[in-house]
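>>> Sequence isn't available, so here's the structure alone:
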């Protein structure tokens, strides 16, 4: 999957890492990956936290 490869190339280390992201981290990854708000809209942090439970 292209998103997964690009994310890994940018240093995303898995669900635990995403679950710990701050607003600053979200903004940086959205910018680095060219997602234009996709991480926030999709609530990646909330979803990662839920999956880790």
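That came through, no problem. In this text the structure is predicted, and so the values were computed from the model without any measurement.

>>> residue boundaries of the helices in the protein?
Assigned by DSSP state H, the chain shows helices spanning 2-9, 15-19, 23-33, 38-41, 44-52.

>>> residues in contact with the last one?
By CB atoms under 8 Å, 6 or more residues apart in numbering, the residues outside helix 44-52 that reach it are 15, 16, 18, 19, 21, 26, 39. In short, each C-beta sits where N, CA and C put it, glycine included.

>>> how does it look with 7 Å?
With contact meaning CB atoms under 7 Å, 6 or more residues apart in numbering, helix 44-52 is reached by 15, 16, 18, 19, 21, 26.

>>> got a list of what the fourth one touches?
For residue 19, the residues meeting the contact criterion (CB under 7 Å, 6+ apart) are 45, 48, 49, 52.

>>> From these, list the buried ones, please.
The neighbour count (16 or more other CB atoms under 10 Å) marks 45, 48 as buried among the contacts of residue 19.

>>> Could you provide the contacts of residue 19 in a markdown table, with additional columns for distance to residue 31?
Shown next, in a markdown table, are the contacts of residue 19 (distance: CB to CB, whole Å):
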| residue | distance to residue 31 |
| --- | --- |
| 45 | 16 |
| 48 | 19 |
| 49 | 22 |
| 52 | 25 |
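
>>> Next, format the contacts of helix 44-52 as a markdown table and append distance to residue 33.
Listed next are these as a markdown table, based on distance: CB to CB, whole Å:
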| residue | distance to residue 33 |
| --- | --- |
| 15 | 17 |
| 16 | 19 |
| 18 | 12 |
| 19 | 17 |
| 21 | 13 |
| 26 | 11 |
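
>>> what's the closest of the contacts of residue 19 to residue 9?
Closest approach to residue 9 among the contacts of residue 19 (CB to CB): residue 48, at 18.6 Å.

>>> Nearest residue to the middle of this protein?
residue 18 (5.1 Å; CA atoms, centre = their mean).

>>> wait, what's in contact with that one?
Residues near residue 18 by CB under 7 Å, 6+ apart: 12, 44, 45, 48.

>>> Same check on residue 7?
Shown in contact with residue 7 (CB under 7 Å, 6+ apart): residue 33.
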